[in-house]
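# this is a predicted model, with the sequence first.
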Amino acid sequence: MTIVAERPLETPVAAPPEPGVEPAAAPIETPVKQMVIVNWSGELDRIWPTLILSSAAAASGVQCKVFVTFWGLLPFVKDGVRITGDNWKQKMLSAMNRPGIDHLKLSKMNFMGMGPWMMGTLRKQYQIASPRELLEACQALGVEFIPCQMSMDMFGLKREDLIDGMGEPAGAATAIEIMTEANASLFI
Amino acid sequence: MGMIQIDRTLDARGLACPMPIVKTAQVMKTMASGETLEVMSTDAGSVKDFAAWSRTTGNPLLDSTSDAAVYRFVLRKA
């Protein structure tokens, strides 16, 4: 309501778009729908729906934020970063859970990597987008990934360990704020 | 109904959910208001999905047809 009241003062007349300047993407009158996903898991069968739903949301004009916490941080570790953390416990955790979007395990039927491998062949056979492709689509469409500061501290993850384009690290109160403001929020 | 003028075409055949929608949104971003986009898809779920996407985004779905397991959608950028 406030926005509606303020708008005439700020933009009395819609200025004609200047050459080379893109017009506003969404009409201002429509309130933008919002979706929040809490991405807790680092497993393939959960990361997949997280990235499918968030890319589909962003593609549907829904502003989408993903709060990335606990194991869910590991797929967002940069390529080439293998062992993370400062002490032996953190290093051992990363040694036993290979981070990165290309190294996801299944929550069931993992069978020492046989499960994800078979899933990968099925994925290619049916031309389903990989988590990496979906993540790239999410970033291109403006999905905001917000890493959990507390989980980063616990795993010993630095901002430079995480992929480029992640949002500012935040905590539970931020998660609560965006979840309660959103039209839909999911914990995956 | 007369022939709808098609401004852009997107071939999303072979792609699985959610990529037909994702690619559509990306092409739509580059289009001007009022322009039309024709999308070809082989994903059976896209029949319901393009209708839903049209309702969510407010970009009208002008046509939705199928021929030999190829689905064709025509959207107009709002």
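Ah, there it is. Numbers count the residues shown, from 1 in each chain, chains lettered A, B, ... in the order given.
# what about A:Val81, neighbour count?
16 (other CB atoms under 10 Å in any protein chain shown). To be clear about C-beta, it is placed using only N, CA and C from the backbone, and glycine gets the same treatment.
# where does chain B get nearest to chain A, which residue?
B:Ala25 (3.6 Å; CB to the nearest CB).
# can you give me the strands for the chain?
Unless you meant another one, I'm taking chain A. For chain A, applying DSSP state E gives strands covering A:34-39, A:63-68, A:144-147, A:184-187.
# my bad, chain B
B:8-12, B:36-41, B:61-67, B:70-76.
# switch these over to a markdown table; also include distance to A:Gly85.
What follows is these, written out as a markdown table (distance: least, CB to CB, whole Å):
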| stretch | distance to A:Gly85 |
| --- | --- |
| strand B:8-12 | 42 |
| strand B:36-41 | 45 |
| strand B:61-67 | 50 |
| strand B:70-76 | 48 |
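# how close does the residue nearest the centre of chain A sit to A:Arg82?
For chain A, the residue nearest the mean C-alpha position is A:Phe145 (3.9 Å; CA atoms, centre = their mean). In this view, A:Phe145 and A:Arg82 are 21 Å apart by CB to CB, to the nearest Å.
# next: B:Leu61.
From B:Leu61 to A:Arg82 the distance is 47 Å (CB to CB).
# okay, the two: which has more neighbours?
Per other CB under 10 Å, whichever of B:Leu61 and A:Arg82 has more neighbours is B:Leu61, with 17 against 12.
# related to what we said a few turns ago, separation between the residue of chain B closest to chain A and A:Gly142?
Counting by CB to CB, the gap from B:Ala25 to A:Gly142 is 10 Å.
# the more surrounded of these two?
Counted by other CB under 10 Å, B:Ala25 and A:Gly142 do not tie: B:Ala25 has more neighbours, with 22 against 11.
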